[in-house]
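# Got a sequence here, can you build the structure:
(2 chains)
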Number of protein chains: 2
Amino acid sequence: MISVALMGHGVVGSGVAEILTTHKQKLFSSVGEEIYLKHILDLRDFPDSPLCDRFTKDFEDIISDREVRVVIETMGGINPAYEFTKRCLGVGKSVVTSNKELVARHGAELLQLAKDNNANYLFEASVGGGIPILRPINQCLVANEVDEIAGILNGTTNFILTKMIDENMPFDEALKLAQDLGYAERNPEADVEGHDACRKICILASLAYGKHIYPDNVHTEGITKIALEDVEYAAVWGGVIKLIGKCKLLPSGLMDIVVAPMFVPCTSQLANINDVFNGIMVRGDCTGDVVFYGKGAGKLPTASAVVADTVDCCKHLKTRKNLFWVDTTDNCIAPYTESLTKVYMRCLAEDADTAYNKAQDIFGDITRLERASAPTGEFAFVTNEDMPYGNILEAVENLEQAGIKVASAIRIGNL
Amino acid sequence: MISVALMGHGVVGSGVAEILTTHKQKLFSSVGEEIYLKHILDLRDFPDSPLCDRFTKDFEDIISDREVRVVIETMGGINPAYEFTKRCLGVGKSVVTSNKELVARHGAELLQLAKDNNANYLFEASVGGGIPILRPINQCLVANEVDEIAGILNGTTNFILTKMIDENMPFDEALKLAQDLGYAERNPEADVEGHDACRKICILASLAYGKHIYPDNVHTEGITKIALEDVEYAAVWGGVIKLIGKCKLLPSGLMDIVVAPMFVPCTSQLANINDVFNGIMVRGDCTGDVVFYGKGAGKLPTASAVVADTVDCCKHLKTRKNLFWVDTTDNCIAPYTESLTKVYMRCLAEDADTAYNKAQDIFGDITRLERASAPTGEFAFVTNEDMPYGNILEAVENLEQAGIKVASAIRIGNL
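Numbers count the residues shown, from 1 in each chain, chains lettered A, B, ... in the order given. Reported below is the predicted structural model:
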């Protein structure tokens, strides 16, 4: 019997407790021993839980219990999860988590602490919820250089964009619906401004490239400025708008990493990932594109990934999993202004045709997009050659100085 | 340094040798030691290979070399791979393979032999080429009961169907093109009759359910009878025709397993998997649907999966991976006539409308499909209720007896 403790009995944590109970026999077969959930830490009371005798409000009950070999952290947030995790790893207890914020902020430090104490720190559930992604990258694709990772990493924004695309629903209304359905928080900033997706692409990038990439250093744009006009032009172009987190190793050794809405062509596997689903594309030098699809959030999907990591910890009580990246003060990230991309723009001017000619002068090779219900003075186009994003920003300024308002500028994803 | 040997220097084997050379540093970081490719067994000569000094024609050089801890089998076919694998496992050498035919035929025996000799037998590359699938099912989804697995498991037939769908190319012409491009063998039977897909769904089913499922016991239909008319009706219905390998655990404990072309709705993730790509959907009770997509064949994708398994063996020289299923003489498979499905039918009769009414009498609730260029006497429909496949076969007989020719009957996949 291997004793484990659970910290945080919220949505994911209660799912973990449920799976440990309902799937006991299957987990026993896999581990070869029973996984016994000995303590559950939560400040709230759960008198009706079948496990009500296991609850504690005192972290010391967990840290001081030598029988507890694995601690499952599903509290979320930085504090007190960070302190608790450090103390658990510090005494050689392995820790499993779904806490993307903590991993993205302090992953390198916690991995080092795990290593120093011959313990494991696993966090499959922190990216893509129930979708297997970190272990496949780390183990199955180990014989590849990972050239690029790009994904739809946030279910809430994907739900909103899907409503905008499929039902012509404006952003505000789609956000309200997402909130009513419980997909979005009352304060939706972390989702709609791209911060959640940013944490996840940082974890993926750190794992693939072995160096900690901090979210604060990653250029991040959300979806709040996407208009239905842009959705319509994306369709005319032959694609859809998706919020993409993307990282790519440049020949310089620096990383091109960004979170932003992008035009995705319908032929891309990522274009067909709708509603709250997530999809992650990993481009390996040997495998080519591999895509992983599934539910990126939710109680049982996320909890099932946490439990799988718990099983892995239980099977490796004395050995370490080779999941690691180092902290570094070196700059790993190329300035986002140097990132090469094509771009879509929707503009407003007094005379659209004259303004389009001006845009041609500025950008060179561009293709005009037309939509039936465009108001007078509106025009839109895509550029046909990659250029540094800084040049695109400059061009926008030039357009504005020529009296042409740039209503939207959205990257075109090479996906 | 860990010495390994390679048996078979064909397409996949030469890819393995290449990756072990070109990715030496990355593999070293993962294993913590160098993987040294000491012997390569092949009956042919490769005087121009940079590894020409490693070649041998004598298996005894490998089996008798105590330094060789892991043997990579990429010979394909049953003989002599079966004998060689048994002898390697019998002396405690771990074996890694891409040989789906051998795993599907003798997997349970070889897994038992590995277990008895404290060795590992790994075969990630045998299903889905470079797509991580067996390890994710076995490890990442361990906290799930797998309710169903369904996939596009054969790239050659998917290429042919894609040509039929996208370019209106008849089957024979698409097959010829696949042969010209090297995707299909001169004798294409194993692909187009579904045998290759059958081996793969058997491996997936065996892994997910813990009991060896033998290909000879699985009802298997190929794509040779698919006509462009059917492709057109599928589009009218709102989907595409794909060759699907599918297994589902029934409440009885028996398995519903079949390989057959199916109508797949456009909303399914499997509908958008085109050309030689593979896609596998795993339906877990906690995760819901998870889909894995990528190149199901080819030199480097397949070889990269073989090398990842090799790394795993090198990291587990003294411990066993928990990848196992047992042999059983019990019947595990439900008769295919009891499999519940909806079905599409294209029929020919003297008078289509009268015949359609007859079909309605026989099937009950059906929906007629119309296409513009249908010849006189042709009609098509889909049934709206699941029924046992045996009843469908009976209904076909009844139609035929009423003078109505059933030109096509294709299952509708619940995917």
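
# Break down chain A into its helices, ranges please.
Listed from the start of the chain, chain A has helices (DSSP state H) covering A:11-22, A:24-31, A:60-63, A:81-90, A:100-116, A:134-135, A:155-167, A:171-180, A:189-192, A:195-209, A:228-237, A:299-315, A:352-363, A:389-401.

# number of nearby residues for A:His219?
Residues lying near A:His219 (other C-beta atoms under 10 Å in any protein chain shown) number 16. Placement of C-beta: from N, CA and C, glycine included.

# let me fix that: A:Ile201
Around A:Ile201 there are 28 residues (other C-beta under 10 Å).

# How much space separates it from chain B?
Distance from A:Ile201 to chain B, counting by C-beta to the nearest C-beta, to the nearest Å: 19 Å.

# Skipping adjacent residues, who's closest to that residue in space?
Distances taken as C-beta to C-beta, 6 or more residues apart in numbering or on different chains put A:Gly245 closest to A:Ile201, at 3.3 Å, once the chain neighbours are dropped.

# so that neighbour touches A:Thr157, yeah?
No: counting by C-beta atoms under 8 Å, A:Thr157 is not a contact partner of A:Gly245; they are 10.6 Å apart.

# any idea how chain A splits into domains?
Per automatic domain parsing, the domain ranges recorded for chain A read A:2-129+A:299-315, A:134-295, A:337-412.

# would you list those domains in CSV and tack on mean pLDDT?
Shown next, in CSV, are the domains of chain A (pLDDT from 0 to 100):
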stretch, mean pLDDT
domain A:2-129+A:299-315, 97
domain A:134-295, 97
domain A:337-412, 96
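
# how about those, which one is nearest B:Thr85?
domain A:134-295 (21.3 Å; C-beta to C-beta).

# and A:Tyr356, how many residues sit next to it?
The number of residues packed near A:Tyr356 is 18, by other C-beta under 10 Å.

# what residues are up against the nearest residue to A:Lys315 once chain neighbours are set aside?
Excluding its sequence neighbours, the residue lying closest to A:Lys315 (C-beta to C-beta, 6+ apart) is A:Val31, at 6.0 Å. For A:Val31, the contact set (C-beta atoms under 8 Å, 6 or more residues apart in numbering or on different chains) comprises A:Ile2, A:Val311, A:Cys314, A:Lys315.

# Now do the contacts for the residue lying closest to the first one once chain neighbours are set aside.
Nearest-residue entry for A:Ile2: A:Cys314, 4.9 Å, with adjacent residues in sequence omitted and distances by C-beta to C-beta, 6+ apart. Remark: with contacts taken as C-beta under 8 Å, 6+ apart, A:Cys314 is in contact with A:Ile2, A:Val4, A:Val31, A:Glu33, A:Ile35, A:Arg69, A:Val70.

# Among the residues you listed, name the buried ones.
Among these, those classed as buried by 16 or more other C-beta atoms under 10 Å in any protein chain shown are A:Ile2, A:Val4, A:Val31, A:Ile35, A:Arg69, A:Val70.

# which among the residues you listed gets closest to chain B?
A:Val31 (8.5 Å; C-beta to the nearest C-beta).

# B:Arg54 versus that closest one, what's the distance?
40 Å (C-beta to C-beta, to the nearest Å).

# quick one on the thing from earlier: now do the residue nearest to A:Ile2 against chain B, distance only.
For A:Cys314, the distance to chain B - C-beta to the nearest C-beta - is 11 Å.

# My understanding was that A:Ile223 contacts A:Thr157; is that so?
Yes: assessed by C-beta under 8 Å, A:Ile223 is found in contact with A:Thr157 at 5.2 Å.

# what is in contact with these two at once?
Common contact partners of A:Ile223 and A:Thr157 (C-beta under 8 Å, 6+ apart): A:Val192, A:Gly194, A:Leu243.

# Export those as JSON lines, with columns for neighbour count.
Listed next are the shared contacts of A:Ile223 and A:Thr157 as JSON lines, based on neighbours: other C-beta atoms under 10 Å in any protein chain shown:
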{"residue": "A:Val192", "neighbour count": "23"}
{"residue": "A:Gly194", "neighbour count": "29"}
{"residue": "A:Leu243", "neighbour count": "26"}
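
# Near chain B, which residues of the stretch 301-415 of chain A? Just list them.
Counting by C-beta under 8 Å from any C-beta of the partner chain, the residues of the stretch 301-415 of chain A close to chain B are A:Pro301, A:Ala303, A:Ser304, A:Ala305, A:Val307, A:Ala308, A:Val311, A:Asp312, A:Lys315, A:Thr319, A:Asn322.
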